[in-house]
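> Curious how this folds, go ahead:
(chains A, B, C and D)
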2 protein chains.
Amino acid sequence: MANRSKTINYDPTSFPPFAVTADLVILTVRPPQLEVLLVRRSTAPFAGDWALPGGFVGPDQDIDDAARTKLADKTGVTINKAHLEQLASFGAPDRDPRMRIVSVAWLALLANPPEPTTGTEAEEAAWIPVNEIDHSALAFDHATILNAGIERAGNRIEYTTLATQFCGAEFTIGELRSVYETLWGTKLDPANFHRKVLASDGFVTETGKSCSTGRGRPARTYKRGPAERLNPPLHR
Amino acid sequence: MANRSKTINYDPTSFPPFAVTADLVILTVRPPQLEVLLVRRSTAPFAGDWALPGGFVGPDQDIDDAARTKLADKTGVTINKAHLEQLASFGAPDRDPRMRIVSVAWLALLANPPEPTTGTEAEEAAWIPVNEIDHSALAFDHATILNAGIERAGNRIEYTTLATQFCGAEFTIGELRSVYETLWGTKLDPANFHRKVLASDGFVTETGKSCSTGRGRPARTYKRGPAERLNPPLHR
DNA sequence: GAAATAGTGTCTTTGAGACAATATATG
DNA sequence: CATATATTGTCTCAAAGACACTATTTC
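As a prediction, the model looks like this:
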């Protein structure tokens, strides 16, 4: 192969190989907590530490397919029921002590996830509230990746309708509001939030039904609307 | 190494290696045109086609360092004079016919760049107006990457002060406006734009000087302010 | 003076946010 | 009834955009 650069001038097949992994920040909202799916590592390095679920990308596997597969593998949730987007790649030379590994990180947003399926694997997996996580105890550079995922999720719901991905098929405006409050760590005015959501074209559509949530007046329920972008956006 | 997944269950050192490249979308604004730095490939595959500048990440090289190095190599511009951020990674198995290559793409924003330094390389390099590019003629999946870069740049300048990266050290409000108009492909009201920029705290700071731009009343000049985020944001 | 660009003033509309008021459930 | 949540109404303030107007240059 010809050189493509003066500064990096070699045959890439001649040096120790890179491996590429797909690592996932899988978030769910259980008000008032934001939770992330973590696995406990059973082997070195970082044996016993919590880590993001992830795995190597196969030789003939598309990188998004690796992410989708891992998501289904860990949560039993197929891609049509969740949101999955690429987050960023992390590739410091020493981020994994075993070999050179570049991690392509993904962000997944999920509603009402089942308990993690540890069945076929030796690893322990669990939903952990993000504010209970000791970031310095996460394996590799996963604390950095987790932070990037949480920040991205908070930003996304400002301009897109993705907050509904954290709700079931039918939900109340109050439930949707608690998603925002959880991700943003703020309290929002119920009255103003209500009006803004209904005014945002295509954000939610009425089901015609109501549901009692325990105390208080029963709320009307809604389902996801056709819009993907929020117009106008919501502000923290 | 232990298995980290049921679905992907092998020793990554045992399969044909991945290579990782850093590919750059280097943009500059020469009103009324947005231009990108492309190199003409001299070898197969895609010999003779235009491609994004890029190169392999070295075995012990941080992925951002590979991007910084390539940027300096191609433009002679050091990182302090430009903005560089990670865009996304592209890793379809067949995106490069030679071998498995995952590309980490980066976005660079530059003002008044020198002509590309083709000196030490055999490759032809040139600034090409993006609306003159035949996307189907770009090598690999670089059309996709280029589009992602242009879209990202347009979004970034809504919420951040990065538009000033396309201006020289001192610039007029009109020059700044033409950056927005070029990236967004719209015309903005000069009066409202002027007021909004000056009202946005820390966006620009006065130099006290003026400059004549040919015809019309000479404009005051400004330099970049301390702010990184735009408050309130600008809208298209 | 005509044309061009810079910069200011002002009015209208829209959305954000505070908060009062009403509606309907549970205990 | 007290309390809690849902939903509607209303008022105020800030920002967006339209656009008239003034300022200062070149030709």
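> anything in the top helix by length along chain A near DNA strand C?
Assignment by DSSP state H gives helix A:142-159 as the longest helix of chain A. No. Contact of helix A:142-159 with DNA strand C is not found when judged by CB under 7 Å from any atom of the strand; the minimum separation is 9.9 Å. (Each C-beta comes from the backbone N, C-alpha and C, glycine too.)
> now for that helix, which elements pack on it?
strand A:19-30, strand A:33-40, strand A:83-90, strand A:101-110, helix A:173-184 (3 or more CB pairs under 8 Å, 6 or more residues apart in numbering or on different chains; DSSP states H and E).
> now the closest residue to A:Ile101 other than its chain neighbours: how far from A:Glu228?
Nearest non-adjacent residue to A:Ile101, counting by CB to CB, 6 or more residues apart in numbering or on different chains: A:Ala19, 4.8 Å away. Distance from A:Ala19 to A:Glu228, counting by CB to CB, to the nearest Å: 34 Å.
> Neighbours of the nearest residue in space to A:Gly91 that is not next to it in sequence, how many?
Leaving out its chain neighbours, the residue that sits closest to A:Gly91 by CB to CB, 6+ apart is B:Ile63, at 3.5 Å. Using other CB atoms under 10 Å in any protein chain shown, the number of residues around B:Ile63 comes to 22.
> just to revisit the earlier point, so if I had to pick from A:Ala19 and A:Glu228, which one is more boxed in?
For A:Ala19 versus A:Glu228, neighbours defined as other CB under 10 Å are more numerous around A:Ala19 (21 against 12).
> separation between that one and B:Thr21?
15 Å.
> so, in contact with DNA strand D or not, the longest helix of chain A?
No. Contact of helix A:142-159 with DNA strand D (CB under 7 Å from any atom of the strand) is absent, the minimum separation being 14.9 Å.
> Next, the angle from that helix to strand A:33-40.
Here helix A:142-159 runs at an angle of 150 degrees relative to strand A:33-40 (axes from the mean of the first three to the mean of the last three CA atoms, to 10 degrees).
> what angle do helix A:142-159 and strand A:101-110 make?
Going by the same axes, to 10 degrees, helix A:142-159 makes 40 degrees with strand A:101-110.
> Quick check: mean pLDDT of helix A:142-159?
Averaging pLDDT along helix A:142-159 yields 97.
> how big is the angle separating that helix from strand A:19-30?
50 degrees.
> A:Thr205: neighbour count?
By the criterion of other CB under 10 Å, A:Thr205 has 12 neighbours.
> Give the closest residue to it in space, chain neighbours not counted.
Per CB to CB, 6+ apart, closest to A:Thr205 is A:Gly225, 4.8 Å.
> Tell me if I'm right that the one you found and A:Thr161 touch.
Yes. Applying CB atoms under 8 Å as the test, A:Gly225 and A:Thr161 come out as touching, 6.9 Å apart.
> neighbour-wise, which of those two wins?
More crowded of A:Gly225 and A:Thr161, by other CB under 10 Å: A:Thr161, with 22 against 16.
> so how far is A:Pro113 from the more buried one?
Distance from A:Thr161 to A:Pro113, by CB to CB: 20 Å.
> Excluding chain neighbours, what is closest to the residue of chain A found nearest chain B?
Residue of chain A nearest chain B, by CB to the nearest CB: A:Pro17 (2.7 Å). Spatially, and ignoring its direct neighbours in sequence, A:Pro17 is nearest to B:Pro17 (2.7 Å; CB to CB, 6+ apart).
> what's the burial count for that neighbour?
Neighbours of B:Pro17 using other CB under 10 Å come to 20.
> Now do it against B:Val204, distance only.
48 Å.
> near DNA strand C, which residues of chain A show up?
Residues of chain A lying near DNA strand C (CB under 7 Å from any atom of the strand): A:189, A:191-192, A:196, A:199, A:212, A:214-218, A:232-235.
> Give me the residue ranges of chain A where confidence is low.
Within chain A, the ranges that satisfy pLDDT under 70 run A:1-15, A:117-122.
> rerun at 50
A:1-8 (pLDDT under 50).
> Now do stretch A:136-151: distance to the chain's middle.
Centroid separation for stretch A:136-151 versus its chain: 12 Å, with CA atoms, centre = their mean, to the nearest Å.
> Could I have the CA atoms of it written out in PDB?
Output in PDB follows, covering the C-alpha atoms of stretch A:136-151 (Å, rounded to 0.1, in the frame of the first residue of the first chain):
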ATOM      1  CA  SER A 136     -13.000   6.600  40.200                       C
ATOM      2  CA  ALA A 137     -13.900   3.000  40.700                       C
ATOM      3  CA  LEU A 138     -15.000   2.400  37.100                       C
ATOM      4  CA  ALA A 139     -12.700   0.300  34.900                       C
ATOM      5  CA  PHE A 140     -10.600   1.800  32.100                       C
ATOM      6  CA  ASP A 141     -11.700   5.300  31.000                       C
ATOM      7  CA  HIS A 142     -15.300   4.400  31.500                       C
ATOM      8  CA  ALA A 143     -16.000   7.200  33.900                       C
ATOM      9  CA  THR A 144     -15.100   9.600  31.100                       C
ATOM     10  CA  ILE A 145     -17.400   7.800  28.600                       C
ATOM     11  CA  LEU A 146     -20.200   7.600  31.100                       C
ATOM     12  CA  ASN A 147     -20.000  11.300  31.700                       C
ATOM     13  CA  ALA A 148     -20.100  12.000  28.000                       C
ATOM     14  CA  GLY A 149     -23.200   9.800  27.600                       C
ATOM     15  CA  ILE A 150     -25.000  11.500  30.400                       C
ATOM     16  CA  GLU A 151     -24.200  14.900  29.100                       C
END
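> Name the residues that touch that stretch?
Contacts of stretch A:136-151 with the rest of the structure, by CB atoms under 8 Å, 6 or more residues apart in numbering or on different chains, involve A:23, A:25, A:27, A:34, A:36, A:38, A:41, A:45-46, A:49-52, A:87-88, A:90, A:92, A:95-96, A:103, A:105, A:107, A:130, A:133, A:135, A:183.
> What are the buried residues along it?
Residues of stretch A:136-151 classed as buried by neighbour count (16 or more other CB atoms under 10 Å in any protein chain shown): A:138-146, A:148-150.
> Next one: the closest residue to A:Gly154 other than its chain neighbours from DNA strand C, what distance?
Closest residue to A:Gly154 apart from its sequence neighbours, by CB to CB, 6+ apart: A:Leu183 at 4.9 Å. Distance from A:Leu183 to DNA strand C, counting by CB to the nearest atom of the strand, to the nearest Å: 15 Å.
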